[in-house]
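Novice: I need the structure of the sequence given here:
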Amino acid sequence: MDLTTTYMGLQLKNPLVPSASPLSRDLDNIKRLEDAGASAIVMYSLFEEQIEHEQRELDHFLAQGTESYQEAVSYFPEAEDYNLGPDEYLEHIRSAKDSTAIPIIGSLNGVSAGGWLEYAKKIEDAGADGLELNVYYIPTDTRFSAKEIENIYVEDLKRIKGAVSIPVAMKLSPYFTTMASMATKLDEAGADALVLFNRFYQPDFDLEQLEVVPTVNLSTPAENRLPLRWIAILYGHIKANMAATTGVHSAQDALKMLMAGADVAMLCSVLLEKGPQHLATVLADLQQWMEEKEYSSVTQMKGSMSQRSVAEPAAFERANYMKALNSWKVTI
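Specialist: Predicted coordinates for the structure are as follows:
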């Protein structure tokens, strides 16, 4: 049975890829994921705010005391005093590459490409096989138009693609006015892959302290319907590979994503809940299902349930909405 697939131009041994998460902060977990069958690993994200903080700190230390005597070398701080997260991130990528035999994909999270360019190059130099750009942007300014927001994504991608030679994926949210058009623009701008979809973590209220507090709720399998639909719609219309993320918890979830047209299925929440070793269970179940249904390869099933392949293409549009509502029966 041929489980291989291609993602971002990388040849992978199977379609299961752990997405960016705290698991990859620990080198032992990265090795455990590889042992469980991960075909590649997306590293946890380096945030734009971390990069800016390091640059501000370094500028402060370099500028401080510039009028002092040259002999006062002890005045300057030790390197570890301003060697913050970004450089540690690069070293972690090097360690992961030295310790594994699978592709390691770096991840940058932010908005402005200007702050990313230097570290995109450094991530490449550290040995990363690819780079995932996670443009986590909440457009709260009422003066910004949809076109201006879309241009942020496209221009960020173009700048990064012009700076590095490794493949680049764009991780998107589903909140565009015209998702199909946005995917096409990024495809034409050179994206090697699209990752569908990013989950925006919503704030909550603490009614005792009357504060706005952050919340992290892990995904459920029900949430995979959104990426499933859009991957099925986009399949065959763009050249970029597609990764399905959000709500992939089981082999059945992964199989659905592949049949919709995804090249890889990314897992996160279920691995945080059950540990890296659970990936081996998902992989074994996926292979067993393929054997039972007599599929000889992942390529054979890829896109077989996409909009262009099914008997009723309208099922991905308004027809599904109407049918779903009409099928509901009140039982109380």
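
Novice: helices and strands around whichever strand or helix holds residue 281, which ones?
Specialist: Per DSSP states H and E: residue 281 is located in helix 278-292. Counting contacts by 3 or more Cβ pairs under 8 Å, 6 or more residues apart in numbering; DSSP states H and E, helix 278-292 is packed against strand 16-18, helix 251-260, helix 269-274. All C-beta spots, glycine's among them, are computed from the backbone N, C-alpha and C.

Novice: which residues sit against the last one?
Specialist: When you say that, I think you mean helix 269-274. 18, 21-23, 33, 218-220, 247-250, 278-279, 282 (Cβ atoms under 8 Å, 6 or more residues apart in numbering).

Novice: hmm, 10 Å instead?
Specialist: 18-19, 21-23, 29, 32-33, 36, 38, 199, 216-221, 223, 245-250, 253, 267, 277-279, 281-282 (Cβ atoms under 10 Å, 6 or more residues apart in numbering).

Novice: export the helix holding residue 281 as PDB, just CAs?
Specialist: Coordinates of each C-alpha in helix 278-292 appear next as PDB, following Å, rounded to 0.1, in the frame of the first residue of the first chain:
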ATOM      1  CA  HIS A 278      -1.900   8.400  19.500                       C
ATOM      2  CA  LEU A 279      -0.700   9.300  16.000                       C
ATOM      3  CA  ALA A 280       0.300   5.700  15.600                       C
ATOM      4  CA  THR A 281      -3.300   4.600  16.300                       C
ATOM      5  CA  VAL A 282      -4.700   7.000  13.700                       C
ATOM      6  CA  LEU A 283      -2.100   5.800  11.100                       C
ATOM      7  CA  ALA A 284      -2.900   2.200  11.800                       C
ATOM      8  CA  ASP A 285      -6.600   2.800  11.600                       C
ATOM      9  CA  LEU A 286      -6.200   4.700   8.300                       C
ATOM     10  CA  GLN A 287      -4.200   1.900   6.800                       C
ATOM     11  CA  GLN A 288      -6.700  -0.800   7.900                       C
ATOM     12  CA  TRP A 289      -9.600   1.100   6.400                       C
ATOM     13  CA  MET A 290      -7.800   1.500   3.100                       C
ATOM     14  CA  GLU A 291      -7.100  -2.300   3.100                       C
ATOM     15  CA  GLU A 292     -10.700  -3.100   3.800                       C
END
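
Novice: orientation of that helix relative to helix 251-260 in degrees?
Specialist: Taking axes from the mean of the first three to the mean of the last three Cα atoms, to 10 degrees, one finds that helix 278-292 is oriented at 60 degrees with respect to helix 251-260.

Novice: Flag every buried residue along helix 278-292.
Specialist: Judged by neighbour count (16 or more other Cβ atoms under 10 Å), helix 278-292 contains these buried residues: 278-280, 282-283, 286-287, 290.

Novice: With stretch 89-98 instead?
Specialist: For stretch 89-98, a neighbour-count test (16+ other Cβ under 10 Å) marks 89-90, 92-93, 96-97 as buried.
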